[in-house]
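Enquirer: after the sequence you'll find the predicted model.
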Amino acid sequence: MSHGHEAVHKPTGTSTWGGGISPFKISYGKMMMWFFLISDAFTFSALLTSYGFYRHKYADNWPVAGDVFTHFPFYSGHIELAYVAFMTFVLIASSVTMVLAVEAGHRMDKKGVLFWMFWTIIGGLIFVGSQAWEWYHFIHGTAHGALRDIFDADLGQWVNTIVHGANLSHNEYGHPLFADFFFFITGFHGFHVFSGVVINFIIFLMVWSGKFEKTGHYEMVEKSGLYWHFVDLVWVFVFTFFYLI
Amino acid sequence: MSLVRDDIYEYSLDAHHDEAAGKALRKKIYWVLALLSVVTMVEVGLGFKFGRVVELKETLKWVFILLTLFKAGYIVMVFMHLGDEKKNLRAIILVPYFVLVGYLIFICLDEAIYSSEHRAGIETSFKELNAKTPAPAHDEHGGGEHGEGGESHEGHH
């Protein structure tokens, strides 16, 4: 354990910004993680704000999420938003297991850290898998489809045809921008979840190898934990603005 | 204030606590889990029950936004530990975020009103123009309908 009191360098002035101390009382790595997360938060805020802008602009034919996301695994009927509620719960639960891993790290409990990180990784994988599943159903669409004007590049004109599901150029359920934003925002978030799972797995292996016992603290778990909670935080907003409102 | 260095890799601040502190923290974590789960269930329930009631749409929107901010606050303050960090650290993280995102939202709301008024203005002036000019008999399938239809008839985008 390095409490640092032996490494104290007493400055001449004892003010917060007098030098020689940590004015924010936080380690360099954690502070940089926070700065990265703020910039990432700006990106997601900009995406969700532009989503809101276009949603109001095309409010007339913007799809209702309850009409689009009705599928539930192993059930042939339709339940509105049930699966996405389950996904949200999985991500919140994995955030909780992560914070429990951090707590175990504070007690230098290696077994506890490994246990909780394992379940965090499992939760992340379930979430990414669920998102892929939801994309599949959104792209696939319904059996009946809907009539849309599609631009035929070969003919050089608009053709009125039945389309099923959604992609970047057309959307069975409503305005194509809904699909564009859906793919971009949930895709960007899903990529964050995926990279979070990879990072957590690497840290998991480092904990396994006993690296942090040698270092004397589990701060690396705390740093990857900050990232993981941020992913959960973003999903809370995506869930509200895409699915609930 | 403890005078400590933060530039040594092996060094970490507040990286340890004892069993008693851990027990208290775990209790808090489980409590927040229960709270966030209940709020999520309430949100889904409200959406399920009142999601299609047109009169409640506006109210429901604000209820959802407030509940989301409530959840976000607990995630940031408890899970991300920001509530227990130093006040000046909390400020340098939250203040720039809220100032800039607040500005972004303001400018989008403001310009959205402007752009819809502007569009409405153009459409009105087109109508006035059409009313003044007698329509040529052969131009029934002209671009006039198409140009306006672009806004309401999706698929052209």
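Expert: Good, I have the coordinates.
Enquirer: list the helices and strands the helix or strand of chain A with the lowest mean pLDDT packs on?
Expert: Within chain A, no helix or strand scores below helix A:65-68, which has a mean of 78 by mean pLDDT, DSSP states H and E. In terms of contacts (3 or more Cβ pairs under 8 Å, 6 or more residues apart in numbering or on different chains; DSSP states H and E), helix A:65-68 is not packed against any helix or strand. The C-beta positions use only the backbone N, C-alpha and C, and glycine is treated the same way.
Enquirer: can you name the next helix or strand after the biggest helix by length in chain A?
Expert: As assigned by DSSP state H, the longest helix anywhere in chain A is helix A:176-208. For helix A:176-208, the succeeding helix or strand toward the C-terminus, using DSSP states H and E, is helix A:211-215.
Enquirer: which SSE is immediately downstream of that next one?
Expert: helix A:219-238.
Enquirer: where does pLDDT dip in chain B?
Expert: Applying pLDDT under 70 to chain B flags residues B:1-11, B:115-127, B:129-157.
Enquirer: that one: strands as residue ranges?
Expert: Counting by DSSP state E, chain B forms no strands at all.
Enquirer: and it, what are its domains?
Expert: B:22-84, B:86-133 (automatic domain parsing).
Enquirer: tell me the most buried of those?
Expert: Of all the domains of chain B, domain B:22-84 has the most neighbours on average by mean count of other Cβ atoms under 10 Å in any protein chain shown, namely a mean of 16.
Enquirer: which pLDDT value goes with the closest residue to B:L33 other than its chain neighbours?
Expert: Leaving aside its sequence neighbours, B:L33 sits nearest to A:V96 (Cβ to Cβ, 6 or more residues apart in numbering or on different chains; 4.7 Å). Note on A:V96: pLDDT of 96.
Enquirer: can you verify my assumption that A:V96 contacts B:A34?
Expert: No - counting by Cβ atoms under 8 Å, A:V96 sits too far from B:A34 to count as a contact (10.0 Å).
Enquirer: re earlier: which of the domains of chain B sits closest to A:F183?
Expert: domain B:86-133 (21.2 Å; Cβ to Cβ).
Enquirer: so which helix or strand takes in the residue nearest to B:L33?
Expert: helix A:82-106.
Enquirer: what packs against the next helix-or-strand element following that helix?
Expert: Scanning forward in sequence from helix A:82-106 by DSSP H and E, the next helix or strand is helix A:110-140. With contacts taken as 3+ Cβ pairs under 8 Å, 6+ apart, helix A:110-140 sits against helix A:82-106, helix A:176-208, helix A:219-238.
Enquirer: measure A:Q157 to A:I21 for me?
Expert: Separation of A:Q157 from A:I21 (Cβ to Cβ, to the nearest Å) stands at 71 Å.
Enquirer: the more surrounded of these two?
Expert: Between A:Q157 and A:I21, counted using other Cβ atoms under 10 Å in any protein chain shown, A:I21 has the larger neighbour count: 21 against 9.
Enquirer: three-state assignment of the more buried one?
Expert: Using DSSP: H, G, I helix; E, B strand; the rest coil, the structure places A:I21 in coil.
Enquirer: where does it fall, phi/psi-wise?
Expert: Main-chain torsions, A:I21, degrees, to the nearest 10: phi -130, psi 170.
Enquirer: repeat for A:A166
Expert: Dihedral angles for A:A166 - degrees, to the nearest 10 - are phi -140, psi 150.
Enquirer: which residues does it contact?
Expert: With contact set as Cβ atoms under 8 Å, 6 or more residues apart in numbering or on different chains, A:A166 has these partners: A:F138, A:I139, A:G141, A:E172, A:Y173, A:P176, A:F178, A:A179, A:F182.
Enquirer: once you drop chain neighbours, what's closest to it?
Expert: For A:A166, the spatially nearest residue (Cβ to Cβ, 6+ apart) is A:A179, at 3.8 Å.
Enquirer: number of residues surrounding that neighbour?
Expert: Neighbours of A:A179 under the rule other Cβ under 10 Å: 23.
Enquirer: quick one, what contacts it?
Expert: Taking Cβ under 8 Å, 6+ apart as the test, what A:A179 contacts is A:F138, A:A166, A:N167, A:L168, A:H170, A:N171, A:Y173.
Enquirer: what's the closest non-adjacent residue to the first one?
Expert: Leaving aside its chain neighbours, A:F138 sits nearest to A:A166 (5.7 Å; criterion: Cβ to Cβ, 6+ apart).
Enquirer: one step back: between the contacts of A:A179, which is nearest chain B?
Expert: For the contacts of A:A179, the minimum distance to chain B (Cβ to the nearest Cβ) is 6.7 Å, reached by A:H170.
Enquirer: need the pLDDT of the closest one.
Expert: A:H170 is assigned 86 on the pLDDT scale.
Enquirer: now the helices for chain B?
Expert: Going by DSSP H, chain B shows helices at B:19-50, B:57-74, B:87-132, B:143-152.
Enquirer: looking at these, which is nearest to A:H71?
Expert: helix B:19-50 (15.6 Å).
Enquirer: what packs against that closest one?
Expert: Counting by 3+ Cβ pairs under 8 Å, 6+ apart, helix B:19-50 packs on helix A:82-106, helix B:57-74.
Enquirer: pretty sure A:G141 is touching A:H164, no?
Expert: Yes - assessed by Cβ under 8 Å, A:G141 is found in contact with A:H164 at 3.8 Å.
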